[in-house]
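Participant: Let's see this in three dimensions:
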Amino acid sequence: MASDALVTRGLTRRFGKRVAVDALDLTVNRGDVFGFLGPNGAGKTTAIRCILGLIQRDAGEVTIFGEQDGVRQRQSVGAMVETPAFHGWMTATEHLKRAQAYLGARDAEAIDWALGLVGLRERRRERVRTYSLGMKQRLGIARAIVGRPGLLVLDEPTNGLDPRGMKEVRDLLFKLAKDEGITVFISSHLLGEIEHLCNRVAVIEGGRLIASGAVLDLLGGQGESADVDVRVLQVDQLKAALMKMDGVEWVSEVEGGWSRLRLRGMQMHQLNAALVAAGVSVTGLAEAQRSLEDWFMQMTSREIT
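Facilitator: Modelled structure (predicted):
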């Protein structure tokens, strides 16, 4: 569709008998900052390499801005896959000129634009060997956008950065999406960063898509279950009462003497009435403020790394 920046349908990649990406269906809308999540070994980087045409897919289709031809797709895509590599003896400007040459372009204004966006305009003539890791990450993004792409694909763009460097990259991606109209597709294991940066996410595990949607919807508990926090005078009494109830289960203790419960078909007012009827002294009841990490751990069987 015209509104879609990236669509994959049935994307599959095998390595021998192992299926690394299994019939993956994704839709990234124009203007999205889209988070691509999954445990270590889930197939994220393999899927990205297939999307970019860096490795062949065994089955499926990839459509970018309505285009299925790989050569024409690359005209509207910029990418940084894993840690960017540079020649230390070259300057930032020289690296971007080389990147433009690969694109068959020569545009000094675009180089100045890209370096200005990533905050490296004043350091453009310095050898890259003098750059910090954060500066190199930003230069990698500059190299990815120097062709003025409509879609920017980034694999772990904040990998190895300190908190200041992560904030710099996060602010940059916000600017690219909001001010420059670039659709951003980002793979990361830093769930806190993704939660603050992305409007939509998808999670894969074992190469398969297991969940996708708007971050606000996913964290809002829409669907078959929702988490609530309850505070009672006696936690043991609460646990005993829950064992006799359907539609609710114990999750964990949380800060401030609260307990987190998961409702499966039961509403909050029904829970409150059932606890009171069971003789449990309820002193507080509220919707749980779930983080993306909470949701991720509920959806997957392994920790993200």
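Participant: could you point out where the stretch 1-150 of the chain is predicted with low confidence?
Facilitator: Residue ranges of the stretch 1-150 of the chain with pLDDT under 70: 1-3.
Participant: where along it do the helices fall?
Facilitator: Using DSSP state H, counting those that start in this stretch, the helices of the stretch 1-150 of the chain run over 44-52, 70-73, 92-103, 108-117, 133-145.
Participant: before we move on, what about the stretch 201-305 of the chain?
Facilitator: 215-219, 235-242, 268-277, 292-299.
Participant: how about low-confidence regions in the stretch 151-300 of the chain?
Facilitator: Applying pLDDT under 70 to the stretch 151-300 of the chain picks out residues 216, 219-225, 289-300.
Participant: quick one: the strands in it?
Facilitator: Here the stretch 151-300 of the chain has its strands, by DSSP state E, counting those that start in this stretch, at 151-155, 183-187, 200-205, 208-214, 226-232, 248-254, 258-263, 282-287.
Participant: Export those strands as JSON lines, with columns for mean neighbour count and distance to residue 131.
Facilitator: C-beta here means a position set from N, CA and C on the backbone, and glycine is covered the same way. Output for the strands of the stretch 151-300 of the chain, formatted as JSON lines (neighbours: other CB atoms under 10 Å; distance: least, CB to CB, whole Å):
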{"stretch": "strand 151-155", "mean neighbour count": "23", "distance to residue 131": "18"}
{"stretch": "strand 183-187", "mean neighbour count": "24", "distance to residue 131": "22"}
{"stretch": "strand 200-205", "mean neighbour count": "22", "distance to residue 131": "31"}
{"stretch": "strand 208-214", "mean neighbour count": "16", "distance to residue 131": "36"}
{"stretch": "strand 226-232", "mean neighbour count": "20", "distance to residue 131": "44"}
{"stretch": "strand 248-254", "mean neighbour count": "14", "distance to residue 131": "43"}
{"stretch": "strand 258-263", "mean neighbour count": "19", "distance to residue 131": "45"}
{"stretch": "strand 282-287", "mean neighbour count": "13", "distance to residue 131": "46"}
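Participant: how about those strands in TSV, adding distance to residue 29?
Facilitator: Below are the strands of the stretch 151-300 of the chain laid out as TSV (distance: least, CB to CB, whole Å):
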stretch	distance to residue 29
strand 151-155	11
strand 183-187	8
strand 200-205	7
strand 208-214	10
strand 226-232	26
strand 248-254	33
strand 258-263	31
strand 282-287	28
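Participant: what about residue 80, how many neighbours?
Facilitator: 21 (other CB atoms under 10 Å).
Participant: how is the chain carved up into domains?
Facilitator: The chain breaks down into these structural domains: 4-216, 226-289 (assignment by automatic domain parsing).
Participant: So which of those has the densest surroundings on average?
Facilitator: Among the domains of the chain, the stretch with the highest mean neighbour count (mean count of other CB atoms under 10 Å) is domain 4-216, at a mean of 18.
Participant: ok, now which ones touch the most centrally placed residue in the chain?
Facilitator: Of all residues in the chain, the one closest to the mean position by CA atoms, centre = their mean is residue 35, 2.1 Å from it. When contacts are counted by CB atoms under 8 Å, 6 or more residues apart in numbering, residue 35 touches 186-188, 194, 197-198, 200-202, 215.
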